[in-house]
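Student: Sequence first, predicted model second:
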Number of protein chains: 2
Amino acid sequence: MAKQMTEMLKGTLEGIVLALLSDQPAYGYEITARLREQGFADIVEGTIYALLVRIEQRGLVDISKVPSEKGPPRKVYSLNAAGREHLAEFWSSWTFLTERIEGIRRPTIEGEK
Amino acid sequence: MAKQMTEMLKGTLEGIVLALLSDQPAYGYEITARLREQGFADIVEGTIYALLVRIEQRGLVDISKVPSEKGPPRKVYSLNAAGREHLAEFWSSWTFLTERIEGIRRPTIEGEK
DNA sequence: TTCGCTACTCTGTGTCGCTGAGTACGAGTA
DNA sequence: TACTCGTACTCAGCGACACAGAGTAGCGAA
């Protein structure tokens, strides 16, 4: 899906993961898998884990270790109050951006195609 | 509009500028002004010029110098064939991303708000 | 024992937007 | 003349983020 995607994901991937976590708690490997199902086929595992470390250090999530039947223990992340607030800000920024871009796209629709 | 915006603009700002240029040729200062009008109030001039240098080096735009009544000569950028193709790819990536994100947002709408 | 899946960690790299300062030109004003 | 103001572009350095790629570790099946 091209290198453009890599750049576009900067900033939005974090919001996407927070949104997933707001639906229900999850651990890294699971999040990666879920993203792949949802169409982000070439998301890199390392990227997700790094992102999770980041949002943990910022205090947006709570963590609990849960033993796994298969493999090492899971670090389960759940969104806390700060995380929900951050997510709300993300949605507001995202809405702002999409509205502007649609505004720019509109007059151009004839042009491309 | 927060630091989130800075990250979100990565990758998309280039598409936005290409879209503006596909509407009509323009020079740096003008593009900056136009973006500000359209709501991107705190876009930094230096960012736009750097971006223009980049897309020039990638051969997405043609350039002509036009004398200005007020100030230094203008570097007018116009989208060429490669640029239009790149723009089309941008729209396709953008559409992909917005669709996924809306798909994730939907089940969460109750949650935030 | 080896293979494969689960699950997480870590170091280094490139790209991008921002910061902040600088250059340069012309017109109006004191 | 000297000053300021608006136009127009340049540049060095910084921080944040996604990716590349390799490594560690646990478990079950062939």
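Tutor: On my side now, so go ahead.
Student: what bits of chain A have low per-residue confidence?
Tutor: Applying pLDDT under 70 to chain A picks out residues A:1, A:107-113.
Student: Give me the contacts around the longest helix along chain A.
Tutor: Longest helix in chain A by number of residues (criterion: DSSP state H): helix A:81-105. If you take Cβ atoms under 8 Å, 6 or more residues apart in numbering or on different chains as the criterion, helix A:81-105 is touched by A:12, A:14-15, A:18-19, A:21-22, A:55, A:58-61, A:79, B:1-2, B:4-5, B:8-9, B:12, B:15-16, B:19-20, B:38-40, B:91, B:94, B:98, B:101, B:105, B:111-112. In this view, the C-beta of every residue, glycine as well, is placed from N, C-alpha and C.
Student: Could you rerun that using 7 Å?
Tutor: A:15, A:18-19, A:22, A:59-61, A:79, B:1-2, B:4-5, B:8, B:12, B:16, B:19-20, B:38-40, B:98, B:112 (Cβ atoms under 7 Å, 6 or more residues apart in numbering or on different chains).
Student: So which bits of that helix are buried?
Tutor: Of all the residues in helix A:81-105, those buried under the rule 16 or more other Cβ atoms under 10 Å in any protein chain shown are A:83-84, A:86-87, A:90-91, A:93-94, A:96-98, A:100-101, A:104-105.
Student: Ok, stretch A:46-54 next?
Tutor: A:48, A:51-52.
Student: near chain B at all, that stretch?
Tutor: No. Using Cβ under 7 Å from any Cβ of the partner chain, we find that stretch A:46-54 stays clear of chain B, coming within 11.6 Å at best.
Student: Would that stretch count as contacting DNA strand D?
Tutor: Yes. Using Cβ under 7 Å from any atom of the strand, stretch A:46-54 reaches DNA strand D at A:46-47, A:50-51, A:54.
Student: ok, so of those, who is nearest DNA strand C?
Tutor: Nearest to DNA strand C out of the residues of stretch A:46-54 next to DNA strand D is A:Gly46 (Cβ to the nearest atom of the strand; 3.1 Å).
Student: hmm, who's touching the one helix or strand the closest one maps to?
Tutor: Taking DSSP states H and E as the criterion, A:Gly46 maps to helix A:45-57. Helix A:45-57 has contacts (Cβ under 7 Å, 6+ apart) with A:13-14, A:17, A:28, A:31-32, A:61, A:63, A:77.
Student: Quick one: name whatever helix or strand follows it.
Tutor: Downstream of helix A:45-57 (by DSSP H and E), the next one is strand A:61-66.
Student: Tell me the buried residues in that following strand?
Tutor: A:Val61.
Student: in its sheet, what does it sit against?
Tutor: Applying DSSP bridges, strand A:61-66 is found paired with strand A:74-79 (antiparallel).
Student: Figure out how far the strand it pairs with is from the centre of its chain.
Tutor: Relative to its parent chain, strand A:74-79 has a centroid offset of 14 Å by Cα atoms, centre = their mean, to the nearest Å.
Student: Does at least one residue of that strand sit close to DNA strand C?
Tutor: Yes. Using Cβ under 7 Å from any atom of the strand, strand A:74-79 reaches DNA strand C at A:74-76.
Student: do stretch A:86-99 as well
Tutor: No. Residues of stretch A:86-99 are not located near DNA strand C by Cβ under 7 Å from any atom of the strand, the shortest gap being 11.8 Å.
Student: how about that stretch as CSV, C-alpha atoms only?
Tutor: Extracted C-alpha coordinates of stretch A:86-99, given in CSV (Å, rounded to 0.1, in the frame of the first residue of the first chain):
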residue,chain,number,x,y,z
HIS,A,86,-6.7,11.5,24.7
LEU,A,87,-8.8,9.4,22.4
ALA,A,88,-11.5,12.1,22.4
GLU,A,89,-8.9,14.7,21.4
PHE,A,90,-7.7,12.4,18.7
TRP,A,91,-11.2,12.1,17.2
SER,A,92,-11.6,15.8,17.3
SER,A,93,-8.3,16.3,15.5
TRP,A,94,-9.2,13.6,13.0
THR,A,95,-12.5,15.1,12.3
PHE,A,96,-11.0,18.5,11.8
LEU,A,97,-8.5,17.1,9.3
THR,A,98,-10.9,15.0,7.3
GLU,A,99,-13.3,17.9,7.0
